[in-house]
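> model this:
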Amino acid sequence: MTRRGITGTLAAALLAALSLPDRILAQSYPVRPMRMVIPYTPGGPTDLVGRALAERMQKILGQQVIVDNRAGGGGVIGSEIVARSNPDGYTLLLGTPGQLILLPLLNPKVPYRPSDFQPVTKVVDTPQVLIATAKLPASTVAELVAYAKQRPGEITYGSVQAGGTGHLGMELLKLATGMDMLHVPYKGTVPALTDLIAGRIQVMFSSLPTVQQHLQAKRIKILATGAPRRTPAIKDVPTIAETVPGYDLVTWYGIFVAPRTPAPIVNTLHRTLVDILTSPEIEQIFAAQGVEPAHMTPQALAQYMQAESKRWEKVIRAAGIRID
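Below is the predicted model of the structure:
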């Protein structure tokens, strides 16, 4: 064998040896209990989704998946735990755009950036719905726009968190339609809905599961959904995009791990979650909660997050929003 041939053989052997640990890791993973960090309180929509996924991951992977609720800071506390965890695939994050994209854009003091997380897959889409007090003399988006334009600065809208999805979603709608409305931030869903029902604020965005009982009792009304297409659970309700072309406001949840987690582990998690998300059982469970199963490759989710970051950065700058 020539010297060049020997060198080539050694190089190939070295590459094979370097890739061997990852292959062995993928075959053995997981070998101990895993933890899914949910950066919000128990009982909420994210918690219900996370627990449903954790229960089924245990059955497929053969290891316990412990749900760890770490609420605080709008999701920052739990998210930072995962961003700083060992890149071994044993600490997962159920993340949302609010804590992963919006907060880092709004506040430079947030101790992480989207790049501090390795995407595994999106898991659900939950369309935001535009709701109004029953006292508002407008029942469609077009009627709301006309009503607000006749009363610049008089119509108030609420949001559960300043700088959150509901806040920025309304600012996006204002920019697209030329409405001038006053923002009233709240520190929780309950006080915001209480004031909406009483008519102290006129409109707000919320997730469908959160407001279903109030809609059924006719304490509030729904004007439209923020999704680009109609939501199967409320297929008779139009989208905002049918009146304001291109409008899109969907809250999504995804699973993430620490950066530099080996690709074989990420791929194992991705395959496991896709199997769960495409099962008829989970589709029925999520439909009852008003959310839709969704999945993306890790690469596609990373690209989607980059595009979303650019989109919301434009809205934040145009509206002059900043949170310290």
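> got the domain boundaries for the protein?
As assigned by automatic domain parsing, the chain contains the domains 31-125+251-319, 127-242.
> Name the residues that touch the helix or strand where Ile285 lies?
According to DSSP states H and E, Ile285 maps onto helix 280-289. Applying Cβ atoms under 8 Å, 6 or more residues apart in numbering, the external contacts of helix 280-289 come out as 45, 48-49, 52, 56, 124, 209, 232-233, 276, 292-293. Where C-beta positions appear, they are placed from N, C-alpha and C, glycine not excepted.
> Check whether Phe117 really touches Leu100, as I assumed.
Yes: look at Phe117 against Leu100 with Cβ atoms under 8 Å: they come within range, at 6.6 Å.
> shared neighbours, these two?
Counting by Cβ under 8 Å, 6+ apart, the residues touching both Phe117 and Leu100 are 79, 256.
> before we move on, back to that, need the domains of the chain in a markdown table (columns: mean neighbour count and mean pLDDT).
Formatted as a markdown table, the domains of the chain follow (neighbours: other Cβ atoms under 10 Å; pLDDT from 0 to 100):
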| stretch | mean neighbour count | mean pLDDT |
| --- | --- | --- |
| domain 31-125+251-319 | 18 | 95 |
| domain 127-242 | 18 | 93 |
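> all helices of this protein, in order?
Applying DSSP state H to the chain gives helices spanning 3-28, 45-61, 76-83, 97, 103-106, 141-150, 165-177, 189-198, 208-216, 263-277, 280-289, 298-319.
> With distance to Arg113 added, can I get those helices in TSV?
As requested, these are arranged in TSV below (distance: least, Cβ to Cβ, whole Å):
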stretch	distance to Arg113
helix 3-28	26
helix 45-61	21
helix 76-83	9
helix 97	14
helix 103-106	5
helix 141-150	34
helix 165-177	18
helix 189-198	27
helix 208-216	29
helix 263-277	19
helix 280-289	29
helix 298-319	9
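> which stretch among the ones you listed comes nearest Val37?
Among these, the nearest to Val37 by Cβ to Cβ is helix 76-83 (4.7 Å).
> hmm, who's touching the closest one?
37-40, 68-72, 91-93, 95, 99-100, 103, 110-112, 116-117, 256-259.
> Fine by me, we can end here.
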